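Engineer: Got a predicted structure plus its sequence, pasted below:
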Amino acid sequence: MSVTVRVPAKVNVQLAVGAARPDGFHDLANVFLAVGLYDEVTVTPADELTVTCEGPDAAEVPLDRTNLAARAALALAERRGIEPAVHIHIAKDIPVAGGMAGGSADGAGALLACNELWRAGASRAELLAICADLGSDVPFSLVGGAALGTGRGERLTALEVGSTFHWVFAMAGRGLSTPAVFREFDRLAEGRDIPEPVASRDLLDALAKGDADALAAAVSNDLQPAALSLFPELADTLDAGRAAGALTALVSGSGPTTAFLVRDTASAQKVSEALLASGTCRTVRTATAPAPGARVLTTDRTA
Ligand code: C5P
């Protein structure tokens with residue numbers, strides 16, 4: 001018996017960051033776009049909770065109870081008063097510690113998969129509440145598509161997207177810690193007035209119209225200066241993608257993955273080749289957006 005769930009990565013086309021709150025988090029206006037790079041999470045009954053991982057970055061994935069997939073299974077089991085006796089296998093294609101919500105994807109995927117495996121019957125609202133407890137980006141991994149996240153990013157409003165957008169992603173040679181990037185944001189912000197984060201009307205209109213040029217003109221990421229401060233070489237990657245014809249280039253979330261909006265598949269190919277040839281990144285991937293949220297792929301009750 002097993003259940004497999006497929007979950008997308010995300011890019012933030014706007015990440016407006018407010019001042020640090022008393023709880024240490026930051027209020028955000030966070031425009032998420034799910035992109036077609038996926039992790040697959042498979043859960044199988046087992047004697048105890050175990051996690052395994054395959055994929056190019058598998059060695060960097062923690063297999064203990066700090067893994068968001070393990071925490072998701074524990075959270076659902078605790079709510080239902082059952083043993084979290086499950087083996088969680090993650091087929092990982094989303095970069096690790098890359099600013100593309102890979103860990104969040106595994107949390108949302110394991111939650112949906114365990115809900116199905118255990119026939120736990122958690123409603124969408126209950127699943128979303130558990131996701132929000134697990135991390136700020138986890139609810140979006142469940143819903144996918146495009147959404148505005150407010151609060152610390154977990155309160156979602158679905159957004160219209162008028163067309164398919166083409167992206168290239170450049171993976172860096174090392175990861176960046178999200179808390180470290182937020183701390184650097186705070187350090188750089190010291191002594192400055194930080195405005196309330198608000199979603200850009202131009203950006204939401206560009207998404208709704210499916211207008212890639214307008215979207216390119218409107219994207220923004222308030223964490224980018226902090227990510228560049230901790231990882232200055234990312235500026236060379238951004239430059240290489242722009243020089244190859246990307247409509248815009250930005251750091252994805254807290255980084256260090258860099259994201260390049262391009263006009264079409266031909267341009268995606270050209271920008272990918274130029275980024276690889278530049279020697280400023282570890283690998284490149286192309287993907288389209290928006291992508292659907294976490295989905296059950298297979299439920300095998302016979303095995
Ligand atoms: O919510 P999540 O566990 O993904 O957040 C990871 C870290 O990122 C937090 O511990 C915090 O340091 C930072 N963060 C923040 N403000 C947010 C979201 C995350 O400061 N809105």
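Structural biologist: Sure thing, it's come through.

Engineer: Can you pull the residues of the protein lying near the ligand?
Structural biologist: Within the chain, the positions near the ligand by Cβ under 6 Å from any ligand atom are 25-26, 28, 135-137, 152-153, 178-179, 182. To be clear about C-beta, it is placed using only N, CA and C from the backbone, and glycine gets the same treatment.

Engineer: residue contacts, the residue most central in space within the chain?
Structural biologist: Nearest residue to the geometric centre of the chain (Cα atoms, centre = their mean): Ala101, 2.5 Å. Contacts for Ala101 (Cβ atoms under 8 Å, 6 or more residues apart in numbering) come out as 9-10, 94, 137-138, 140-141, 253.

Engineer: again, only using 6 Å
Structural biologist: 10, 137, 141 (Cβ atoms under 6 Å, 6 or more residues apart in numbering).

Engineer: Show the contacting residues for the second one.
Structural biologist: When the contact criterion is Cβ under 6 Å, 6+ apart, the partners of Asp137 are 101, 104.

Engineer: Look at it and report its pLDDT.
Structural biologist: Per-residue confidence at Asp137 stands at 96 (pLDDT).

Engineer: can you pull out the helices in the chain?
Structural biologist: Counting by DSSP state H, one finds helices in the chain at the ranges 68-80, 102-117, 124-134, 138-143, 178-189, 201-209, 212-218, 224-230, 234-243, 265-278.

Engineer: Quick one: end-to-end distance for stretch 291-301.
Structural biologist: 28 Å (Cα to Cα, to the nearest Å).

Engineer: and the lowest-mean-pLDDT helix or strand in the chain with helix 102-117, angle?
Structural biologist: Lowest on mean pLDDT, DSSP states H and E among the helices and strands of the chain sits strand 295-300, with a mean of 92. Per axes from the mean of the first three to the mean of the last three Cα atoms, to 10 degrees, the angle that strand 295-300 makes with helix 102-117 is 40 degrees.

Engineer: is Ala9 in a bridge, and if so with what?
Structural biologist: As for beta bridges, Ala9 partners with Val35 under DSSP bridges.
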